[in-house]
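**Student:** Predicted model and sequence follow; I will ask about them next.
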Number of protein chains: 2
Amino acid sequence: MTTITQNNTADVVVVGGGMAGLAGAMAMRENGATVTLLERAAEFGEVGAGLQMAPNATRLLRRWGLLDKVLERGVAPKQIVFRDAITGTALLRQDLQGEFEKRYGAPYIVIHRSDLHSILLEACRESGVTLLNNVNVERVETTDSGARVHTSDGTTYDAGLVLGADGLKSKLREKVTPASDQPINSAYVAYRGVSTIDEAIEGTEVDNVTVWFGPNCHLVTYPLRAGELFNTVAVFKSETFEAGEPEFGGVDELHAAYANCVPQVQESLKNLWQGIRWPMFDREPIDNWIDGRTLLIGDAAHPMLQYLAQGACQALEDAAVLQDLSVGTVFTDGGVKASEWDAVAERFVAERSPRTARVQRTARVWGESWHVGGLPQLLRNMLFQAAEGNTFRYTDWVYADNAESAPASA
Amino acid sequence: MTTITQNNTADVVVVGGGMAGLAGAMAMRENGATVTLLERAAEFGEVGAGLQMAPNATRLLRRWGLLDKVLERGVAPKQIVFRDAITGTALLRQDLQGEFEKRYGAPYIVIHRSDLHSILLEACRESGVTLLNNVNVERVETTDSGARVHTSDGTTYDAGLVLGADGLKSKLREKVTPASDQPINSAYVAYRGVSTIDEAIEGTEVDNVTVWFGPNCHLVTYPLRAGELFNTVAVFKSETFEAGEPEFGGVDELHAAYANCVPQVQESLKNLWQGIRWPMFDREPIDNWIDGRTLLIGDAAHPMLQYLAQGACQALEDAAVLQDLSVGTVFTDGGVKASEWDAVAERFVAERSPRTARVQRTARVWGESWHVGGLPQLLRNMLFQAAEGNTFRYTDWVYADNAESAPASA
C-alpha cells in the first residue's frame, strides 16, 4: 500500500484556530512570515457567549489596527459592578471609562466570542495566512531545519516554528510536560446564554458588567453587540461532581445552587442556554512551553480559570510578545533566520511564563474569593467596599501598559 | 437562734467593685446620690495586666476630670500596628495621635488595669461613695420603694436602684435571663504579662500597640505606666479545650500555638506570666437588663470578647449614660424621685443595649478575622492593607463622639 504524502512548507505553522492561534498567525504574518494555520474543525468558529477584553488586550487590538472593529461589534461598558448575590448589596463600582481608560490607555470592551474570533480570522485572511480546516494534527517531529507537523491524512507541514495553540486539552503539550500534567477540574460548571437586550431581567444594569457573588456560585451579566444582545453567565460549584458522578452539573443543580440568591439573580438564570454547560478547568502553571521547535501559546501553554477574564487577553499578549521578539531576530531585512527561533522561544517563555503563571494563580484565588460564605464573605465584602475609588492597586499589575512583562502596546 | 439584721439605706447600691461598679457609683454620686458599693473580695483591686482606653472612653474620663491622672499613669501610644505573625508583614499602621485624636476628641490610652481601677476607686472615695468589702450579695428583693440587697451575713441594703455590676458570672443576671443564658467559652485562652520596658523583645515597637495576627492565635504588646512597663498578651485557640479536656490551655499548648510565628512573636512569650491564664468568655447579647429595681451594667449586662478592647470602655459609657438619664429625672432640684428609676432604667436599656450588642457581636467577628488562615487570611491582609489611611470608616461607629448611642462627652 502506498500513501501519497503531500508536503507543505511555511515559516510558521500554527496548530489550532482559536483566539491564540489566530492572533499568533496574524502577528507572525505581520512580521513577514509565511504562515499556515491548521484547524481540526470543519469550520472556523467559536462556541460560547461573551468575553471581556481588558485594556492590556485592547491596547494590542489597537496596535494591530483592530480596535475600531472590536469597538463597533462590542460594547465599552461604563462600569463593572460587584454585588453580593445573597444581600443584593452593591459592594463596588469600578468605572471602566474616564480615569480608568486614561490610566490604562485603552477601553475595556465586552464582545461576543464569535465576533472577536471573526475579526481575528478576517485579519488573518486579509494578511494572507493560509487557513486550513479539517486538519487533524497527530504529532510534531523535530527536524534539522525546524519541525514537521504530521496530520492524520498523511500530509506533513514543515516550518521553522510550530505554534501549539491547541487549547486546554493540547496534544502538543504532551511532549513538553510529564503525563501527570492534566487539566484540573475546578468543580465549577458554567452555563452561558445570549439573549436580546430586552430580555434582561428587570433591575439589570444593561450598560454595565455586573458580577454577583454568592457562596459557591456567581453570575455575570453584560451587554454585547453594540448593546443589542445581552450576555449571562452562571458559574456554580457542582456537588454532584464532588460526589464523583460522571454526569455532574445538570440544570436542576444549577437552579438549586442559586436558591438563596436575590430574585434578580435567580430570574437571570432563564436567560441561560440549558443544553450546554462548561465545566471549568485550568492546569498548574509550567515554566517550559518548548519542545524542539514547537512553542505552546494560549490555553495550551497557560490554561486559566475565567475569573480574571484574561484567557483571550493573555493569548493576545502571547502573539504580541512573540511578534516583538522575533522581529529583527528571526525576521530580518536579510531574510528569515529560522535558527534564531530557539533563542527567541526561550526568551518568550522567560518573559511570558511568570506573568501568565501569576494570572493563572491569581484567577484561582480571585475566584475562590467570589464564592466564600461566612466570615470570609464578610471580609471579602469589606475589602470590596474599601476598594471604592482605589481599585487600581489590584488591576495595575495586569492591565497597566508599564506592568512587568506586559507587551508593548505600539 | 436569733439573727441580728443590720439594715442600711442608700439612693443607689452598687453590687461589684470592678470598673463598671466603680464608674457607676462615681457617676451616681456625681448626680448627688448617696451610694453604697458592695464588693465581695477582701480588698478592692484588679487582677490583670494592661487595658486599652479608646477615645469613646477617654472623652468620659475627661468629663469626669480623670483624664490627666489616667494620662499620667498610662501611655498614649503613637500608633497601633497590625502585623501578620507568620510573615511578619506590617499590614496596617493606624496613627493614634494627630488626626485620629482630633477626629475623636480625646487620646487613645493604654494603662495598667490596676492603675485605672485605683483612679476610679480614689474618685469614688473622694466623692463620698461608701465602699464596703467582704460583702457577699446573695439576692436582691424587689420592694415597694425599690430594692433590698440581701447579703450572706444577714445584712440588707435598701436602695431606690441596685446596679448589678457583678461581672461575667453575674449572679444578679440570673433573675433577668433564662437559665440557658450562660457564659460562652470561646475556646481561646489568654496569657498576660507585665515586664519592664527593657525586657521587651528586640525589634518591638515599644511606643506603639502592636497586634500580631496568626492562624488561631494572636499577640498584643504595648507600653504601660509612663513607658516604664511593657504589656504582653497572647491569645490562642485551645485544642485541648475543644477536645473536652478540663485542664485546657496549658503552657505547652501556648508555645505550640505560636510555633509557626516569626521569632519576635515566639520570643515575646517569655514575657508572659506562666502561672495564670484567662479563658476568654462572652455571652449572647440580651435586650433586657432589668429585674424590678435591679439594673445590670458592665460585663454583667454585656460581657464581650476582648478583641475590640471595649470592655472597660463600654462600662464607662454605661456609667455616663445612666448619669445623664437620671439627672433631672431621678435626681432633681426637688430631691430624689426614686419612682422615676423604672422609666430611666427602661430608657437606659433601650439606649445602651443596641450599641453594646453591636460591640459584642463585632468583637466576635473582629477576633475571628484575626485568627484566620488560608484564603481568609489573604483577604484579611488585603483588607488591612487597603485600609491604610482610611480606617475611620471602621472605627467611627464606636469611637466617634457623634456615633449613634455614644454618650455625651461633656
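**Tutor:** Nice, thanks for sending it over.
**Student:** Any residues of chain A in contact with chain B? List them.
**Tutor:** A:365, A:368-369, A:372, A:375-376, A:378-380, A:382-383, A:386-387, A:390, A:393 (C-beta under 8 Å from any C-beta of the partner chain). Any C-beta I mention is one placed from the backbone N, CA and C, and that applies to glycine too.
**Student:** helix/strand/coil for residue A:348?
**Tutor:** Secondary structure state of residue A:348, per DSSP: H, G, I helix; E, B strand; the rest coil, is helix.
**Student:** hang on, it packs against residue A:320?
**Tutor:** No. Using C-beta atoms under 8 Å, residue A:348 is not in contact with residue A:320; the gap is 11.0 Å.
**Student:** how about residue A:379, secondary structure?
**Tutor:** Per three-state DSSP, residue A:379 ends up helix.
**Student:** Name the helix or strand for residue A:190, please.
**Tutor:** Element membership of residue A:190 [criterion: DSSP states H and E] is strand A:184-196.
**Student:** could you say what helices and strands the next helix or strand after that strand packs with?
**Tutor:** Of the helices and strands lying after strand A:184-196 in sequence (DSSP H and E), the nearest is strand A:209-214. Taking 3 or more C-beta pairs under 8 Å, 6 or more residues apart in numbering or on different chains; DSSP states H and E as contact, the helices and strands that strand A:209-214 lies on are strand A:79-84, strand A:217-224.
**Student:** Show residues contacting the last one.
**Tutor:** Residues outside strand A:217-224 that contact it (C-beta atoms under 8 Å, 6 or more residues apart in numbering or on different chains): A:49-50, A:52, A:74-75, A:77, A:85, A:110-112, A:115, A:194, A:197, A:200, A:204, A:206-212, A:229-237, A:257-258, A:261, A:265, A:268-269, A:370-371.
**Student:** Of those residues, grab the buried ones for ChimeraX.
**Tutor:** Selection of buried members from the contacts of strand A:217-224 for ChimeraX, criterion 16 or more other C-beta atoms under 10 Å in any protein chain shown:
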select /A:49,50,52,74,75,77,85,110,111,112,115,194,197,200,204,206,208,209,210,211,212,229,230,231,232,233,234,235,236,237,257,258,261,265,268,269,370,371
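**Student:** contacting residues around stretch A:273-283?
**Tutor:** Residues outside stretch A:273-283 that contact it (C-beta under 8 Å, 6+ apart): A:47, A:168, A:181-186, A:188-193, A:235, A:238, A:241, A:248-251, A:254, A:302-306, A:360, A:363-364.
**Student:** If we use 6 Å, what do you get?
**Tutor:** Identification of contacts with stretch A:273-283 by C-beta atoms under 6 Å, 6 or more residues apart in numbering or on different chains yields A:168, A:183-186, A:188-191, A:193, A:249, A:251, A:303-305.
**Student:** Whichever residue of the stretch 151-300 of chain A sits closest to chain B bridge partners, please.
**Tutor:** Of all residues in the stretch 151-300 of chain A, the one sitting closest to chain B is residue A:213 (12.3 Å; C-beta to the nearest C-beta). Judged by DSSP bridges, the bridge partners of residue A:213 are residue A:84, residue A:218.
**Student:** Isn't it up against residue A:371?
**Tutor:** No. Applying C-beta atoms under 6 Å, one finds residue A:213 not in contact with residue A:371, separated by 7.3 Å.
**Student:** Could you list the low-pLDDT ranges of chain A?
**Tutor:** Low-confidence segments of chain A, defined by pLDDT under 70: A:1-6, A:390, A:404, A:410.
**Student:** domain parsing for it?
**Tutor:** A:1-44+A:133-183+A:286-369, A:49-116+A:184-282+A:371-401 (automatic domain parsing).
**Student:** for whichever strand or helix holds residue A:14, the distance to its chain's centre please.
**Tutor:** Element membership for residue A:14, per DSSP H and E: strand A:7-15. Offset of strand A:7-15 from its chain centre (C-alpha atoms, centre = their mean, to the nearest Å): 24 Å.
**Student:** ok, that strand: who's next to it in the sheet?
**Tutor:** Going by DSSP bridges, the partners of strand A:7-15 are strand A:35-38 (parallel), strand A:156-164 (parallel).
**Student:** For these, give me CSV that also has distance to residue B:156 and mean neighbour count.
**Tutor:** Formatted as CSV, the strands paired with strand A:7-15 follow (distance: least, C-beta to C-beta, whole Å; neighbours: other C-beta atoms under 10 Å in any protein chain shown):
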stretch, distance to residue B:156, mean neighbour count
strand A:35-38, 99, 26
strand A:156-164, 92, 26
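**Student:** can you put the domains of chain A in TSV and add distance to residue B:398?
**Tutor:** Shown next, in TSV, are the domains of chain A (distance: least, C-beta to C-beta, whole Å):
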stretch	distance to residue B:398
domain A:1-44+A:133-183+A:286-369	27
domain A:49-116+A:184-282+A:371-401	16
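**Student:** which one of the ones you listed lies closest to residue B:97?
**Tutor:** Closest approach to residue B:97 among the domains of chain A is made by domain A:49-116+A:184-282+A:371-401 (23.2 Å; C-beta to C-beta).
**Student:** Quick check: bridge partners of the closest residue to chain B within the stretch 51-200 of chain A?
**Tutor:** Nearest to chain B in the stretch 51-200 of chain A, going by C-beta to the nearest C-beta, is residue A:92, at a distance of 11.3 Å. With DSSP bridges as the criterion, residue A:92 is bridged to residue A:82.
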